[in-house]
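A.B. asks: Structure for this input, please:
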Amino acid sequence: MENPKGLLGKASKLIITEDLQEFDEESVALLAKRLEDDDYPTPFDGLNDWHLLRAIAIHHPELAEPYLHLLDQELFDEE
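C.D. replies: Residues are numbered from 1 along each chain as shown. Okay, the predicted model is just below:
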């Protein structure tokens, strides 16, 4: 699968709302596949992708809905 529009390189930069507008179903699917494969040169690269998917889920939940399991957003009690 290609890197559509060069979007996935943006994970290493600050996530800007305007950048999130450029994501579509194909690019989010590619991001999710990278997270599922979990084959990153450093742990920080995977963390950057996780934050990117989380930002997409906040701003465009319809795109991230099939991949919410990758975000581990379980409720827990801190007490």
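A.B. asks: how about stretch 49-58: buried residues?
C.D. replies: 49-50, 52-57 (16 or more other C-beta atoms under 10 Å). The C-beta positions use only the backbone N, C-alpha and C, and glycine is treated the same way.
A.B. asks: Out of the residues you listed, list just those in helices.
C.D. replies: 49-50, 52-57 (DSSP state H).
A.B. asks: returning to what we had before: which single one of the buried residues of stretch 49-58 is nearest to residue 40?
C.D. replies: Comparing the buried residues of stretch 49-58 against residue 40 with C-beta to C-beta places residue 49 closest, at 7.6 Å.
A.B. asks: these two touch, right, that closest one and residue 34?
C.D. replies: Yes - counting by C-beta atoms under 8 Å, residue 49 touches residue 34, with 5.7 Å between them.
A.B. asks: quick revisit: got the ones in helices among the buried residues of stretch 49-58 as JSON lines, with pLDDT and distance to residue 22 columns?
C.D. replies: As requested, those are arranged in JSON lines below (pLDDT from 0 to 100; distance: C-beta to C-beta, whole Å):
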{"residue": "49", "pLDDT": "93", "distance to residue 22": "16"}
{"residue": "50", "pLDDT": "93", "distance to residue 22": "19"}
{"residue": "52", "pLDDT": "93", "distance to residue 22": "12"}
{"residue": "53", "pLDDT": "94", "distance to residue 22": "15"}
{"residue": "54", "pLDDT": "93", "distance to residue 22": "17"}
{"residue": "55", "pLDDT": "93", "distance to residue 22": "12"}
{"residue": "56", "pLDDT": "94", "distance to residue 22": "11"}
{"residue": "57", "pLDDT": "94", "distance to residue 22": "16"}
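A.B. asks: rewinding a little: so which of the buried residues of stretch 49-58 would you say is closest to residue 24?
C.D. replies: Out of the buried residues of stretch 49-58, the member with the shortest distance to residue 24 (by C-beta to C-beta) is residue 56, at 10.5 Å.
A.B. asks: what about the closest residue to that closest one other than its chain neighbours, which helix or strand?
C.D. replies: Leaving aside its sequence neighbours, residue 56 sits nearest to residue 64 (C-beta to C-beta, 6 or more residues apart in numbering; 4.9 Å). In this structure, residue 64 sits in helix 61-64 according to DSSP states H and E.
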